[in-house]
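Engineer: structural data only, the sequence is not supplied:
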């Protein structure tokens, strides 16, 4: 047993005598290690009971049995603590498990999924918007200022637009059977969207002053207000004017200038031609049925124009010579156009012509005048007794562009089989020109205006095309003040009256 008050295995402090029989034992010296604590020495109390008895009973061999020898010192065991990294990882794992548990308790999983979906949708929407707004737009900048480049660019653009419209018009449509009771019964034609048609608005043409009549085709949009109402690349309209078109379809006509002879020498009417002189030339040629040399003393156009119907909006008088390509040779006054052909009525019956033209409009059937719709009476001018039946007040609305003039109705005439028709239109003093010619069948029924006048069709030698229907709409005006019937009987042309 160790001395009283001294723990076994330790040296006494300085100045303290070592008790007899006590051998000091110094603990082993350990080198200090960073961050590793040294375990405390195992005390006697820490020994197990069996070890404590063995220690108490141990007797050193060098001493007598009755002496008390100190027990052997037990080397304390050093227990190294866990590494710092292992402790940190365990703590971090515990914290993460706690956060994960808390996040799941408050529904964080569903919230995360919802946020991910919304962010994905926003990214897709942003991509679509970016792609749409960033698409490059092809913008046509047409040169302006009336330059040659500007005209060419306008013409090219109009051609592209017209070709698209024609492709829509020429699509094959199902054939439909049309049944009518008689030849003069009303036929309902299908409506055509106005955006497929290119004819200018009649109101704008009348106010423009330069509504071209050089052609509905070759000039295109670039020359639409100069040398023609442009129809772009529509080859079927090449050479078309409001006074007719090139070719033999329709009633052909020839232009005459009363101010000069065929050698382009001045005639007696080279100056101001009066009403009587102007009427005298027309009546003299009509008396000879426009045959022989009745008009050969005057300059005439080499180009003939054929019309399917006569519907000329109010315009400058020079558009007449332009239509026949003689505007460089003829001043726009003192001229007439003679149309003539053999026609077949749609059905045998009684008909009358209705119309008005500034300055001259006269219709002859088989050589006899049946309508004088001129600005002033021309047939029988100066005679004391004139045929009033060929110039009756028709009533109805004012003819567009004339200010206050209404149409005149002619006399009823029987038409059966092949019938000769001559039509004269013209301009005497210059200035403005325009008008129309309609037809009325005696047995037909027509819609009426508020004043009781019938809504008649124009006199036509061909079935109306969508282009023709649009012209009717434009002539009638936006308020349809001068409405025209869309269904019209067709008078077929069987023979031209001109030899060449």
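Structural biologist: On my side now, so go ahead. No experiment lies behind these values; they were computed from the predicted model shown.

Engineer: who touches stretch 414-422?
Structural biologist: When contacts are taken as Cβ atoms under 8 Å, 6 or more residues apart in numbering, the neighbours of stretch 414-422 outside the stretch itself are 251, 286, 289-290, 338-345, 348-351, 363-367, 491, 494-495, 497. No exception for glycine: its C-beta is placed from N, CA and C like everyone else's.

Engineer: make a ChimeraX selection of the buried ones in the residues you listed.
Structural biologist: The ChimeraX command for the buried members of these (criterion: 16 or more other Cβ atoms under 10 Å) is given here:
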select :251,286,289,290,338,339,340,341,342,343,344,345,349,351,363,364,365,491,497
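
Engineer: looking at the contacts of stretch 414-422, which are in strands?
Structural biologist: For these, the ones inside strands are 251, 338-344, 349-351, 363-365, 494-495, with DSSP state E as the criterion.

Engineer: tell me the least confident of those residues?
Structural biologist: The member of the ones in strands among the contacts of stretch 414-422 with the lowest pLDDT is residue 495, and it reads 89.

Engineer: that one and residue 343: what is the separation?
Structural biologist: Using Cβ to Cβ, to the nearest Å, one gets 9 Å for the distance from residue 495 to residue 343.

Engineer: now do residue 371
Structural biologist: Following Cβ to Cβ, the distance that separates residue 371 from residue 343 is 15 Å.

Engineer: next: residue 115.
Structural biologist: Residue 115 sits 84 Å away from residue 343 when distances are taken as Cβ to Cβ.

Engineer: same question for residue 383.
Structural biologist: Note on residue 383: its distance to residue 343, by Cβ to Cβ, is 29 Å.

Engineer: got it, and residue 476?
Structural biologist: Residue 476 sits at a distance of 26 Å from residue 343 (criterion: Cβ to Cβ).

Engineer: and if you look at residue 303?
Structural biologist: For residue 303, the distance to residue 343 equals 22 Å [Cβ to Cβ].

Engineer: for residue 315, helix, strand, or coil?
Structural biologist: strand (DSSP: H, G, I helix; E, B strand; the rest coil).

Engineer: what about residue 372, neighbour count?
Structural biologist: 25 (other Cβ atoms under 10 Å).

Engineer: an error on my part: the question was meant for residue 420.
Structural biologist: Using other Cβ under 10 Å, residue 420 has 16 neighbouring residues.

Engineer: which residues does it bridge with?
Structural biologist: residue 342 (DSSP bridges).

Engineer: can you check residue 448 too?
Structural biologist: The partner residues for residue 448, given DSSP bridges, come to residue 454.

Engineer: could you do residue 425 as well?
Structural biologist: Those that pair with residue 425 in a beta bridge, by DSSP bridges, are residue 337, residue 361.

Engineer: kindly report the same for the one 10 residues further on.
Structural biologist: Beta-bridge pairing of residue 435, defined through DSSP bridges, involves residue 312, residue 357.

Engineer: thought it was touching residue 361?
Structural biologist: Yes. Residue 435 is in contact with residue 361 according to Cβ atoms under 8 Å; the separation is 5.7 Å.
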